[in-house]
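K.L.:
Next come a sequence and a model predicted from it.
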Amino acid sequence: MNKPKWNRSLKNVFGLLNYPHLFSFVYCFSKEDNFVFQVHIVTWNVGSAVPPDGITSLLELNSADGNADMYIIGLQEMNSMINKRLKDVLFTDQWTELYMDTLSPRGYVLVTSERMQGVLLLVFSRYSHLPFLREIHTESTRTGLGGYWGNKGGVSARMTVFGHSVCFLNCHLPAHMQNLGQRVEDFESILQQQQFQCGGGMGVLDHDLVFWFGDLNFRIEDYDTHVVKSAIESNRLSMLWEKDQLNMAKQSEPTLRGFEEGPLIFPPTYKFDVGTHTYDTSAKKRKPAWTDRILWRLRATCSPGPTHLPTVRRGLTSWLSHGLRVTQHTYRSHMGYTISDHKPVSATFTLQFPFKVDIPLVTLSVDKEWSKVSDASVSFQVVSSFARNSWDWIGLYKVGFRHAKDYVAYVWARLEESDHLAEEHQVMGTNIYFNTLLSYSYMKIKSKMTENNMRVRWHTLLVFGCSLLSSIGSESNLCENI
């Protein structure tokens with residue numbers, strides 16, 4: 001039996017049947033209300049180091065404000081030596097494993113990832129949001145050695161989040177003070193080359209919202225190393241911010257205009273002696289710099305919005321004319337991590353937006369208990385605008401699954417001629433994978449539909465979730481299916 005084809009990660013999750021509490025909040029807002037969605041972004045040049053023992057503080061998982069809806073991780077300078085890279089191709093790399101091990105038990109799944117040598121982008125989301133993250137695509141652009149080497153460049157992931165287009169771009173730009181022009185040129189090259197196969201060829205800046213982050217390698221001009229260190233020690237960071245290359249370039253470079261950034265109220269994050277909190281004491285004595293940054297940009301159709309709010313006056317909130325609002329709540333470094341010569345940087349954002357998408361494309365249901373193979377059937381209904389695909393399949397996942405390929409079993413949701421007329425489709429779990437599963441696992445699953453037929457409650461001895469997923473290997477343009 002052919003297995004679902006995969007290319008990096010899923011592009012669409014059409015429907016999700018899962019644990020009772022996971023969907024309880026999705027439908028508690030009216031369409032007139034703005035949905036509040038929190039995104040936590042991390043950028044870290046890890047300097048080829050092995051992962052630390054824990055990253056809970058980096059992800060702010062014990063925050064009083066609650067955990068984020070999405071976690072976006074951008075890493076640079078992962079170990080990409082040939083033997084290590086070959087191992088990472090065959091098995092999941094150590095860094096991805098660490099983030100999955102940390103986030104999966106808390107209800108997050110790896111939605112997509114993109115790696116280019118030492119540059120890695122990971123996108124995690126709460127389970128309950130999966131049916132509303134659609135048109136997922138990734139891209140990578142090499143800029144090292146004139147575009148032939150991937151030690152520098154950018155990796156990105158784009159998707160629609162409840163109908164709003166969002167792009168996450170993780171970059172590692174050229175180093176050294178004198179290469180300001182090359183950094184800007186490489187960034188422009190990344191933007192030019194990255195065209196996503198949806199919406200007729202969508203560029204990075206065509207999205208409603210763009211998050212740009214990474215080791216951008218911009219430096220502090222004019223002041224020598226002694227002056228910079230003295231300003232850091234006396235907490236006179238504003239005088240350094242004024243000479244930061246990125247801040248100055250945003251005023252003069254058209255490509256950088258429109259990108260916003262919170263104030264740099266944390267010390268420069270580069271360069272440290274590894275294993276310490278001490279700035280570079282080597283013979284080179286690199287000048288400290290804010291190389292590691294997180295910025296955001298709303299499309300040029302941004303409306304002025306109200307100007308009386310404190311966050312607006314500080315430049316931390318911005319609007320789009322159709323209602324998307326972005327507010328940055330935190331922007332900080334994490335000085336306790338010493339495995340690299342860079343300190344990681346994180347930022348937390350709140351997105352407020354009206355629903356453009358508020359129901360799954362597919363509604364799944366289990367009509368009775370499963371106690372033997374012949375009982376293993378799943379019914380699903382699709383919205384009228386949804387075009388079925390011959391590669392559609394239904395996966396059975398244990399609650400706590402880490403990524404889309406973590407299915408315990410699957411069956412093809414066959415596309416029959418009669419399906420075009422049927423209001424409800426049924427799939428029987430009679431293949432070898434379901435047989436094996438049910439032979440060794442006694443499952444007792446009860447489901448209860450709510451009045452609005454939108455939420456499902458499961459009570460199980462062994463708890464599993466069902467998802468109707470789309471194969472990445474499909475030749476059709478999945479963006480047209482949304």
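P.N.:
Received it, and whenever you're ready, just let me know what you need.

K.L.:
give me the low-pLDDT residue ranges for this structure?
P.N.:
Applying pLDDT under 70 to the chain flags residues 1-33, 64-65, 81-91, 199, 301-317, 319-322, 372-373, 415-482.

K.L.:
which residue is nearest the middle of it?
P.N.:
Centroid check for the chain by Cα atoms, centre = their mean gives residue 123 as the closest residue, at 2.4 Å.

K.L.:
Which strand or helix spans that residue?
P.N.:
strand 119-126 (DSSP states H and E).

K.L.:
Output the contacting helices and strands for that strand.
P.N.:
Taking 3 or more Cβ pairs under 8 Å, 6 or more residues apart in numbering; DSSP states H and E as contact, the helices and strands that strand 119-126 lies on are strand 70-76, helix 94-103, strand 108-116, strand 133-144, strand 149-161, strand 164-172. Backbone N, C-alpha and C define where each C-beta goes, glycine included.

K.L.:
one more time with 7 Å
P.N.:
Identification of packing neighbours for strand 119-126 by 3 or more Cβ pairs under 7 Å, 6 or more residues apart in numbering; DSSP states H and E yields strand 70-76, helix 94-103, strand 108-116, strand 149-161, strand 164-172.

K.L.:
got the CA coordinates for the last one in CSV?
P.N.:
Presented in CSV, the C-alpha positions along strand 164-172 are these (Å, rounded to 0.1, in the frame of the first residue of the first chain):
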residue,chain,number,x,y,z
HIS,A,164,-4.8,36.3,7.2
SER,A,165,-1.6,35.7,5.3
VAL,A,166,1.5,35.6,7.5
CYS,A,167,5.2,35.0,6.5
PHE,A,168,8.0,34.1,8.9
LEU,A,169,11.5,34.8,7.5
ASN,A,170,14.7,33.6,9.3
CYS,A,171,17.9,35.1,7.8
HIS,A,172,21.7,34.8,8.4
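
K.L.:
All the helices of the stretch 151-300 of the chain, residue numbers only.
P.N.:
Applying DSSP state H, counting those that start in this stretch to the stretch 151-300 of the chain gives helices spanning 180-193, 225-233, 237-241, 245-252.

K.L.:
Make JSON lines out of the ones you listed and add mean neighbour count and distance to residue 276.
P.N.:
Below are the helices of the stretch 151-300 of the chain laid out as JSON lines (neighbours: other Cβ atoms under 10 Å; distance: least, Cβ to Cβ, whole Å):
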{"stretch": "helix 180-193", "mean neighbour count": "18", "distance to residue 276": "28"}
{"stretch": "helix 225-233", "mean neighbour count": "15", "distance to residue 276": "14"}
{"stretch": "helix 237-241", "mean neighbour count": "16", "distance to residue 276": "21"}
{"stretch": "helix 245-252", "mean neighbour count": "16", "distance to residue 276": "26"}
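
K.L.:
Residue 330: which of those is closest?
P.N.:
Closest approach to residue 330 among the helices of the stretch 151-300 of the chain (Cβ to Cβ): helix 237-241, 16.5 Å.

K.L.:
Quick one: residues in contact with that closest one.
P.N.:
220, 228, 231, 247, 264, 265 (Cβ atoms under 7 Å, 6 or more residues apart in numbering).

K.L.:
can you list the residues you listed in CSV and add distance to residue 37?
P.N.:
CSV is the format used below for the contacts of helix 237-241 (distance: Cβ to Cβ, whole Å):
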residue, distance to residue 37
220, 35
228, 38
231, 37
247, 28
264, 25
265, 25
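
K.L.:
circling back: TSV for the helices and strands packed on strand 119-126, including distance to residue 329 and mean neighbour count?
P.N.:
Shown next, in TSV, are the helices and strands packed on strand 119-126 (distance: least, Cβ to Cβ, whole Å; neighbours: other Cβ atoms under 10 Å):
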stretch	distance to residue 329	mean neighbour count
strand 70-76	14	27
helix 94-103	20	19
strand 108-116	19	23
strand 149-161	18	23
strand 164-172	17	26
